[in-house]
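Colleague: no sequence on this one, just coordinates:
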């Protein structure tokens, strides 16, 4: 890792549009970015969450990035900026850069069909299988153990980490990255009931993934029964996500781990779905909507709306429900008290009636 | 794909027991089945969900399959049948057929133990490992990267997609299909507490899967601690499903993605478990029962029952609970109103008592 | 499997600290441990859950282990002990032993970088890739299809089942076992918003796993953005578990299938998290805490506490909520009754006032 001085780092951030100032010795050098509690002397750390302010007072890091709105006491020199999170990202890029992939060329231990087309400078690792008529773009990196089936098409600069499987006829755009063990294009759960048995419906659709999509590890993206399952450009998935057949996911979405979409769901642009949430089939989620963790979405969600809960409702409504559920013992007591009070009023009135002349 | 005329398609459906009629030009040919909104001229589409009726008026497909109960306006010729879903299935089979697998024979790049028995016409892809004393049935297709451990037994016509792992001594019936990345027979979470540590209990059971079972991608099916974890014939799983050690799943069940069964659960025949539902250990779910999405099943379920919610209850009960939770703000207000009203009655009575002579 | 007499088994258990007595013929031999309903003559079974007492009366097993507190009627000879579960574990170890792994040496079909260091007696299966500067400890077993990336370090006696992927610079302690298809060290969901797009933050941290950790199949453990994601010694995971970037899991924890931890969660020692539970980011769970199945933990949990529900609350509170939700129809009826009663009281009082002179 190249060491940089705080003066150099500050200048680099400014050149990238992040105004900042250094409080402390600008000649200090840092050669790695690390967490507040793990950083050692010679490293750069950061404070973006006020919750960890205490740790900043004890950090052993030589320097610390912090937003100018966050007052901080720390033995480290500080780089104070408007947007500490973005500055952190740039600093990691500057000091560490992105992962450099191994350099296999087309490994003699890969199996590449004669009819496949492999782009310039593509790296195809040992133990990879590339099927008939498959197309691999320029500068692609296919790690060992991946399987790219017949007629699959991968764009330029695609990275498949080890043991990724792309079924037949699926298409990936440029700069798509897929982490280890993910499966794209397996058959969905498509069966027709036939005399008490399940008759398989051939799943003749495929999956189409746009540009700049990144998919985590061990996800499963069903091919469509007919037509296409689609993941649009710029969308990012975490791990263990299940996408049902024929679902369409818009651009620049963010799906957290263990999310599940049933078949034929339509998700708009820039939608966030938090961890373990599920969406039933054949509904739609509007642009810029947010689905809270573990939600069970059973009805379509309007653009811009934030929903939570199972069944999912607008977040304020669900929070009110959660609060009232917590108060159920009290509400029940109040009902009991009312019943007692009403009985006593009834007694009073009855007695009064009886004693009246 | 072979092109067929609507006359031929109609005749074929009739021959397979699906009565139908063509409204429009019977000589039109179609060469693919596609979704309403993606179909092009020369393709066949379908309307099975009234929700998409609007799309039918705008489809570019040349022909459309529809149930005779669903009135539809469409520029396409229509094939009108009793059971549109079944007719669609048959049409996909007729026009597209089922996936044809690559033809590896026994790849010289596969590792096959000398004591293994490989059936006639089996295809064992490159990078496959077949362990000692393993048995692979006739016409099996084992894709690259699969691992079939020692003493595992696979029936005839089994298909393992890439990177499937079958642990030692597990048994798969005939015509079992397993999608990429699924693991059969890993050790379950079996530990005995020993001085504050977890002592591993050897998991000496295995997994037995019946005939005609299809399992999705990235599922995990624990071997039993002792005895067998069982998945009976005809059952179909979607993706990312976790089956605990010693569970028994009956025939012709349907499990949607991300379902989890804890250990020693017994599931009857023809049970449907919807997405992300979980079942606690050592309980049973009766034949023909249905478990709703995201349910948490904590008590045994009667045959034929439909349960929903966490903890799961009969669906009508849970729906009533959901409806009442939505009405909690109103119920709370009614309690408040009652309290005010009761106070005012009390005041009236008290005043009345005081003013009475 | 070696056959043992009940006399030998009893003696062996006693030698390992488990007091016991044999009721029945001590010369009976058993050669396998099996489930109550699956055991055959010549096999040993067990009764640890009173729920299955009925099965004990019908078992075909020759012998049965049972706790001395559990009265049992059975045709089998019985081995009666204080701690039947521990005795069962010991008996399985005695009769079956632990899995014996195949013996590949360093397979000529593995790809091992020249700069990698492979320990004594390590088995590296065919189709394994070991990256530059990676270290594999003594007696390690790396099954086919595994990928151990550059600079990864694995301790002694590590077992990676087939198709496990360990990303660059991740570190595994001694005696770590990882089941098939699990991924350690993939990038987490780390993106900074930039003009409506998601800009990737290089994930330059890694994962560190302690000694004696066992991880199930198809789990995904994110590398930290910076610093380390940590799984401490003795912890055991089931399958399909997602661990977010920068999470720290303490010693001797037990995580059931499909659990998800978001990023930067801190989990103490000896914590149990039941199936499908999720934990939001940046909170902590204290030592010896327990999280119930499907819980959604949104606030830190105190040491020793047991929480349940979504949002998770102390288990007694959640159980009270569950009970009251079931009673909501009744509570609503009581409110209705109160309203009617109060109306009638109001009428009485009004009438009384009007009729008063």
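Modeller: Structure received. Treat the numbers as computed from the prediction; the structure is a model and nothing was measured.

Colleague: just how off-centre is the helix ranked longest in chain A within its chain?
Modeller: Assignment by DSSP state H gives helix A:328-355 as the longest helix of chain A. Helix A:328-355 has its C-alpha centroid displaced from the chain centroid by 55 Å (C-alpha atoms, centre = their mean, to the nearest Å).

Colleague: ditto for stretch A:21-38
Modeller: 29 Å.

Colleague: one more: stretch A:19-32?
Modeller: 32 Å.

Colleague: list the buried ones in that stretch?
Modeller: A:20, A:22-24, A:26, A:28-30, A:32 (16 or more other C-beta atoms under 10 Å in any protein chain shown). Just so you know, the C-beta spots here come from the backbone N, C-alpha and C atoms, and that holds for glycine as well.

Colleague: what pairs with the lowest-mean-pLDDT helix or strand in chain A, and is each one parallel or antiparallel?
Modeller: Every helix and strand of chain A was ranked by mean pLDDT, DSSP states H and E. The lowest is strand A:191-194, at a mean of 89. Applying DSSP bridges, strand A:191-194 is found paired with strand A:197-200 (antiparallel).

Colleague: what about the next helix or strand after the partner strand, average pLDDT?
Modeller: Helices and strands here follow DSSP states H and E; after strand A:197-200, the next one along the chain is strand A:206-209. What strand A:206-209 shows for mean pLDDT is 98.

Colleague: just checking: what are the partner strands of strand A:206-209?
Modeller: Counting by DSSP bridges, strand A:206-209 is paired with strand A:171-172 (parallel), strand A:228-231 (parallel).

Colleague: is chain B within reach of the helix or strand just after it?
Modeller: As assigned by DSSP H and E, the chain's next helix or strand after strand A:206-209 is strand A:214-215. No. Judged by C-beta under 8 Å from any C-beta of the partner chain, strand A:214-215 and chain B are separated, with a smallest distance of 12.7 Å.

Colleague: ok, strand A:214-215 near chain C or not?
Modeller: Yes. Between strand A:214-215 and chain C, judged by C-beta under 8 Å from any C-beta, the touching residues are residue A:214.

Colleague: name the strands paired with the helix or strand just after that strand and say parallel or antiparallel.
Modeller: Using DSSP H and E, the next helix or strand after strand A:214-215 towards the C-terminus is strand A:220-221. The pairing partners recorded for strand A:220-221 under DSSP bridges are strand A:183-184 (parallel), strand A:242-243 (parallel).

Colleague: other residues contacting strand A:220-221?
Modeller: Contact with strand A:220-221 is made by A:182-186, A:207, A:209, A:215, A:229, A:231, A:241-243, B:179, B:181, B:216-218, B:239-240, B:257, as judged by C-beta atoms under 8 Å, 6 or more residues apart in numbering or on different chains.

Colleague: re the thing from before, residue B:100 is nearest to which of the strands paired with strand A:206-209?
Modeller: Nearest to residue B:100 among the strands paired with strand A:206-209 is strand A:171-172; the distance by C-beta to C-beta comes to 19.7 Å.

Colleague: pLDDT on that closest one, on average?
Modeller: Strand A:171-172 carries an average pLDDT of 98.

Colleague: equivalent analysis for stretch A:86-98, please.
Modeller: So the average pLDDT for stretch A:86-98 ends up being 92.

Colleague: tell me if it is near chain C.
Modeller: Yes. Interface with chain C: stretch A:86-98 contributes A:86, A:88-89, A:92-93, A:96-98 (C-beta under 8 Å from any C-beta).

Colleague: please, a PyMOL command that selects the buried ones among the residues you listed?
Modeller: Buried residues among the residues of stretch A:86-98 next to chain C (16+ other C-beta under 10 Å), as a PyMOL selection:
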select buried, chain A and resi 86+88+89+92+93+96
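
Colleague: output the residues of stretch A:86-98 next to chain C as TSV; include the columns distance to residue A:355.
Modeller: Listed next are these as TSV, based on distance: C-beta to C-beta, whole Å:
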residue	distance to residue A:355
A:86	81
A:88	81
A:89	83
A:92	86
A:93	89
A:96	90
A:97	93
A:98	91
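
Colleague: okay, the residues of stretch A:86-98 next to chain C in JSON lines with secondary structure next?
Modeller: Output for the residues of stretch A:86-98 next to chain C, formatted as JSON lines (DSSP: H, G, I helix; E, B strand; the rest coil):
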{"residue": "A:86", "secondary structure": "helix"}
{"residue": "A:88", "secondary structure": "helix"}
{"residue": "A:89", "secondary structure": "helix"}
{"residue": "A:92", "secondary structure": "helix"}
{"residue": "A:93", "secondary structure": "helix"}
{"residue": "A:96", "secondary structure": "coil"}
{"residue": "A:97", "secondary structure": "coil"}
{"residue": "A:98", "secondary structure": "coil"}
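
Colleague: buried residues of stretch A:313-333, list them for me.
Modeller: A:313, A:315, A:318, A:320-322, A:324-325, A:327-328, A:331-332.

Colleague: so of these, which two are at opposite extremes in space?
Modeller: Within the buried residues of stretch A:313-333, A:315 and A:332 form the most distant pair, 26.2 Å apart (C-beta to C-beta).
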